[in-house]
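**Q** missing the sequence, but the structure's below:
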């Protein structure tokens, strides 16, 4: 019995590639930061992973910017509240 | 023991009929003596042996344990003991639940080195107390950081409606096993959408209860601030039966809230009349035709044309991203330092990036979370439930990297939870209700106020009764009834042995 041949995965059209899909920018602040932070934090970091980690850090920093720009009063409490 | 207790005893049901039985119909049949639990379990094990090589949903089958348990259920009935509400119902759990005697994999390679769990997770124990029978552990995305159902260690879970497509994740096996009828009930976890996304892509019902409602004791965590556990089933009635059996305070879980058990099963037939329902607008408005069609059908059936804006939903998603990345990285920091090469690369690189985020961001995200919660709760003064898409598209192909969201191309892995993250971020109860569109199903989120799972389940039940929502038979169940050759299974899966206890 023949095994079922796997179809090649269909990729979405690539006519529009927004900034979100761009690869990590070499020479960016995040690239420098990742290279410096890994040994500081004692994280294993193969050079081959740096571009992907940097890409993910850039994605997180875009989300962080959205959170950071939202004004909250100094008295705002974090969601989890510790009770003694 | 009588022969009828040891062997399959199914006087009035064919194998095909057993295949399609819901949890409630199994429980009723076992309770009445029409079918015995051993027969139900044997049939389910046969389905798993026959069909799971195509799906790749199970990572361990607890056959001996299941047969012993089934014999005990039948023996109890023979002694005249009252059968539980889930008597004889086979179920399986995402492999981040502790199962006594098995290591808790959480979809990883690293956890295979851990000793076997000494006790079952609380929710497994509660389902078994209600008469249900555990059949095994289910495949999942590594450490639950996944929306696709792909796993570099155990292989991708395949969508029963099209084996070339994703099941969704991270509770991938939990959804696929139920969608293909291998088991009528399963458990999964949902941190950012990991119950609702695979429910949508596989076309079954899923319940993410209120944060703190169901015990997480003895399950492998991901993001303590956002982790929920919940059931998958082919009907809202089955979801309700399982949910009712699992409710109740558990001192072993510090986040489990001490509330009385609030049974929802007796409330299902109350219908949708009198409930105020609105459709989430703006951020949740989707140009994908399947998504918009599903929302329109559900809104029409519930006779509503109200819209409501959930304020700052996009920012809520971003805050969920930050909390997820940092708490996840904190959980795995030691493993990232010692065994980074043993992670799925897609998970590892996200966690490494999360480990580098400053603490100030996390605090800000948690402060925003409290503000956002207060704004969302205001909406439930006007409405009892809010409808929103569960996923921005139907199931992508396995290996597909991007999809079109309107006129923007987005990565699949990070964005299948586009519409689920802003909801779980503040712990609201949600039922993912599948709309059986052709060629692929897609689900709508029915979102209720905290602790009002009853409303979400009532609406899901009403939609099922109206024929608008419902689980559809899988492609295998329609085209290839029992007895099909295993020579058709996808490459890369054949020959992988399952753990058995």
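**A** Right, received. Where do you want to start? Just so we're clear, the structure is a prediction, and the values are computed from it rather than from any experiment.
**Q** where's the spatially most central residue of chain B relative to chain A, distance?
**A** With distances taken as Cα atoms, centre = their mean, chain B has residue B:195 as the residue nearest its mean C-alpha position (3.7 Å). Taking Cβ to the nearest Cβ, to the nearest Å as the measure, residue B:195 falls 21 Å from chain A. The way it works is simple: take the backbone N, C-alpha and C, and place the C-beta from them, glycine included.
**Q** ok, the residue nearest to that residue when sequence neighbours are not counted to residue B:314 distance?
**A** Taking Cβ to Cβ, 6 or more residues apart in numbering or on different chains as the measure, residue B:195 lies nearest to residue B:206, with 4.3 Å between them; neighbours along the chain are not counted. Residue B:206 is 24 Å from residue B:314, where distance means Cβ to Cβ, to the nearest Å.
**Q** who's more crowded, those two?
**A** Counted by other Cβ atoms under 10 Å in any protein chain shown, residue B:206 and residue B:314 do not tie: residue B:206 has more neighbours, with 34 against 15.
**Q** Can you tell me the element the more buried one falls in?
**A** Per DSSP states H and E, residue B:206 falls inside strand B:205-208.
**Q** what lines up beside the helix or strand just after that strand in the sheet?
**A** Beyond strand B:205-208 on the C-terminal side, the first helix or strand identified by DSSP H and E is strand B:228-233. Taking DSSP bridges as the criterion, strand B:228-233 pairs within the sheet with strand B:185-190 (antiparallel), strand B:205-208 (antiparallel).
**Q** Out of these, indicate the one that is most buried.
**A** When you average the neighbours per residue for each of these (mean count of other Cβ atoms under 10 Å in any protein chain shown), strand B:205-208 leads with a mean of 32.
**Q** Which helix or which strand is home to the nearest residue to residue B:356 once chain neighbours are set aside?
**A** Nearest in space to residue B:356, with sequence neighbours left out and distances taken as Cβ to Cβ, 6+ apart, is residue A:37 at 4.7 Å. With elements taken from DSSP H and E, the one containing residue A:37 is helix A:29-40.
**Q** Just the buried positions in that helix, please.
**A** Using 16 or more other Cβ atoms under 10 Å in any protein chain shown as the burial criterion, the residues of helix A:29-40 that qualify are A:30-31, A:34, A:37-38.
**Q** Show me which of those is closest to chain B.
**A** Each of these was scored against chain B by Cβ to the nearest Cβ, and residue A:37 proved nearest at 4.7 Å.
**Q** The closest one against residue B:358, yeah?
**A** No: the pair residue A:37 and residue B:358 fails to qualify as a contact (Cβ atoms under 8 Å) at a distance of 10.4 Å.
**Q** on that earlier part again, and the helix holding residue A:37, average pLDDT?
**A** In this model, helix A:29-40 carries a mean pLDDT of 93.
**Q** Then stretch B:432-442?
**A** Taken as a whole, stretch B:432-442 has a mean pLDDT of 97.
**Q** residues touching residue B:242, list them.
**A** Taking Cβ atoms under 8 Å, 6 or more residues apart in numbering or on different chains, we find residue B:242 in contact with B:23, B:86, B:91, B:127, B:132, B:185, B:187, B:231, B:233.
**Q** Could you tell me the angle between the host helix or strand of it and strand B:228-233?
**A** In this structure, residue B:242 is located in helix B:236-246 according to DSSP H and E. Counting by axes from the mean of the first three to the mean of the last three Cα atoms, to 10 degrees, helix B:236-246 points 140 degrees away from the direction of strand B:228-233.
**Q** Residue B:112 looks like it's in a strand, true?
**A** No: judged by DSSP: H, G, I helix; E, B strand; the rest coil, residue B:112 forms no part of a strand; its state is helix.
**Q** Secondary structure element holding the spatially closest residue to it that is not a sequence neighbour?
**A** Leaving aside its sequence neighbours, residue B:112 sits nearest to residue B:103 (Cβ to Cβ, 6+ apart; 5.9 Å). Assigned by DSSP H and E, residue B:103 belongs to no helix or strand.
**Q** correct me, but residue B:103 touches residue B:118?
**A** No: if you go by Cβ under 8 Å, residue B:103 and residue B:118 don't touch, sitting 11.2 Å apart.
**Q** more crowded one of those two?
**A** The neighbour count for residue B:103 versus residue B:118, taken as other Cβ under 10 Å, is higher for residue B:103 (19 against 9).
**Q** ok, that one - contacts?
**A** The neighbours of residue B:103, taking Cβ under 8 Å, 6+ apart as the test, are B:111-117.
**Q** just to revisit the earlier point, for residue A:65, see how far away the residue nearest to residue B:195 is.
**A** Going from residue B:206 to residue A:65 by Cβ to Cβ gives 32 Å.
**Q** got the end-to-end distance for stretch B:55-64?
**A** Stretch B:55-64 stretches 22 Å from its first residue to its last (Cα to Cα, to the nearest Å).
**Q** my bad, should have said stretch B:268-278
**A** End-to-end distance for stretch B:268-278, by Cα to Cα: 20 Å.
**Q** And stretch B:267-286, by the same measure?
**A** Terminal residues of stretch B:267-286 are spaced 32 Å apart (Cα to Cα).
**Q** for stretch B:249-267, same thing?
**A** Across stretch B:249-267, the straight-line distance between its terminal residues is 21 Å, by Cα to Cα.
**Q** next one: stretch B:406-417
**A** Distance across stretch B:406-417, first residue to last, is 16 Å (Cα to Cα).
**Q** How about stretch B:146-153?
**A** Taking Cα to Cα as the measure, stretch B:146-153 stretches 14 Å from start to finish.
**Q** quick one: average pLDDT of it?
**A** Stretch B:146-153 shows a mean pLDDT of 97.
**Q** Now do it: everything it contacts.
**A** Here stretch B:146-153 makes contact (Cβ under 8 Å, 6+ apart) with B:107-109, B:139-142, B:156-157, B:159, B:166-170, B:172, B:176, B:192-194, B:197-198, B:201, B:344-347, B:396, B:398-399, B:412-417.
**Q** Can you tell me the number of residues neighbouring residue B:258?
**A** Other residues near residue B:258 number 9, with proximity taken as other Cβ under 10 Å.
**Q** Likewise for the one 10 residues further on?
**A** Residues within reach of residue B:268, counting by other Cβ under 10 Å, total 22.
**Q** how near is the nearest residue to it once chain neighbours are set aside to chain A?
**A** Take residue B:268 and drop its neighbours on the chain: the residue closest to it by Cβ to Cβ, 6+ apart is residue B:461, 4.4 Å away. When Cβ to the nearest Cβ is the yardstick, residue B:461 and chain A sit 32 Å from each other.
**Q** and the host helix or strand of residue B:461 with helix B:236-246, angle?
**A** Counting by DSSP H and E, the element that carries residue B:461 is helix B:453-465. Orientation of helix B:453-465 against helix B:236-246 (the same axes, to 10 degrees) gives an angle of 160 degrees.
**Q** average pLDDT for helix B:453-465?
**A** In the prediction, helix B:453-465 has an average pLDDT of 98.
**Q** That helix packs against which elements?
**A** The contact analysis (3 or more Cβ pairs under 8 Å, 6 or more residues apart in numbering or on different chains; DSSP states H and E) places helix B:453-465 against strand B:205-208, helix B:236-246, helix B:289-301, strand B:385-389, strand B:430-435, strand B:442-448.
**Q** CSV for these, including distance to residue B:273?
**A** Putting those into CSV (distance: least, Cβ to Cβ, whole Å) gives the following:
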stretch, distance to residue B:273
strand B:205-208, 21
helix B:236-246, 17
helix B:289-301, 12
strand B:385-389, 13
strand B:430-435, 18
strand B:442-448, 16
